[in-house]
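With the input below, show me the fold.
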Amino acid sequence: MGGDPAPFACASAELWASRLLDGRIGIAEAEAVWTHLARCPSCAAFLSDLLRIRDRLQALARSEAAKRYLEAEDRLEERD
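Next comes the predicted model:
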């Protein structure tokens, strides 16, 4: 990514937090984000929301994949 994100405004911290979750930042940037999150309850709550959304989307994807698998399995059993 380049550049040191700290100190930064909360709007920047939200962008960096999103990149952190995506694994798109380096160690120095990640440390700066974690430092900001430790001092800023608002941004920490934003990260918590991102984690909750990510977890729900992953659960939905798993449930949709399972549903498609079971439907395909039913179709194969109907052919037999």
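
alpha carbons only for contacts and neighbour counts from here, please
Will do.

Rounded mean pLDDT for the helix ranked longest in the chain, please.
Ranked by residue count and defined by DSSP state H, the top helix of the chain is helix 41-79. Averaging pLDDT along helix 41-79 yields 87.

Number of residues surrounding Leu47?
Applying other C-alpha atoms under 10 Å, we find 19 residues neighbouring Leu47.

how much space is there between it and Arg62?
Per C-alpha to C-alpha, to the nearest Å, Leu47 is found 22 Å from Arg62.

And the longest helix of the chain, what does it pack against?
helix 10-22, helix 27-39 (3 or more C-alpha pairs under 8 Å, 6 or more residues apart in numbering; DSSP states H and E).

Return the member of those helices having the minimum mean pLDDT.
Among those, helix 10-22 scores lowest, with a mean of 85.

Give me the contact list for that one.
For helix 10-22, the external contacting residues (C-alpha atoms under 8 Å, 6 or more residues apart in numbering) are 5, 25, 29-30, 33, 36, 43, 46-47, 50.

Now do that helix against helix 41-79, angle only.
Angle, helix 10-22 to helix 41-79, by axes from the mean of the first three to the mean of the last three C-alpha atoms, to 10 degrees: 40 degrees.

Need the pLDDT of Gly2.
For Gly2, pLDDT reads 43.

before we move on, what about the one 5 residues further on?
For Pro7, the model assigns a pLDDT of 58.

Tell me which of the helices and strands packed on helix 41-79 approaches Glu77 most closely.
Of all the helices and strands packed on helix 41-79, helix 10-22 sits nearest to Glu77, with 39.9 Å by C-alpha to C-alpha.

residues of that closest one that come out buried?
With burial defined by 16 or more other C-alpha atoms under 10 Å, the residues of helix 10-22 counted as buried are 13-14, 16-20.

Next, the angle from the longest helix of the chain to helix 27-39.
Going by the same axes, to 10 degrees, helix 41-79 makes 110 degrees with helix 27-39.

tell me which residues in helix 41-79 are buried?
43-44, 46-47, 50.

In CSV, list those along with distance to Tyr69.
Formatted as CSV, those follow (distance: C-alpha to C-alpha, whole Å):
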residue, distance to Tyr69
Cys43, 39
Ala44, 37
Phe46, 34
Leu47, 33
Leu50, 28
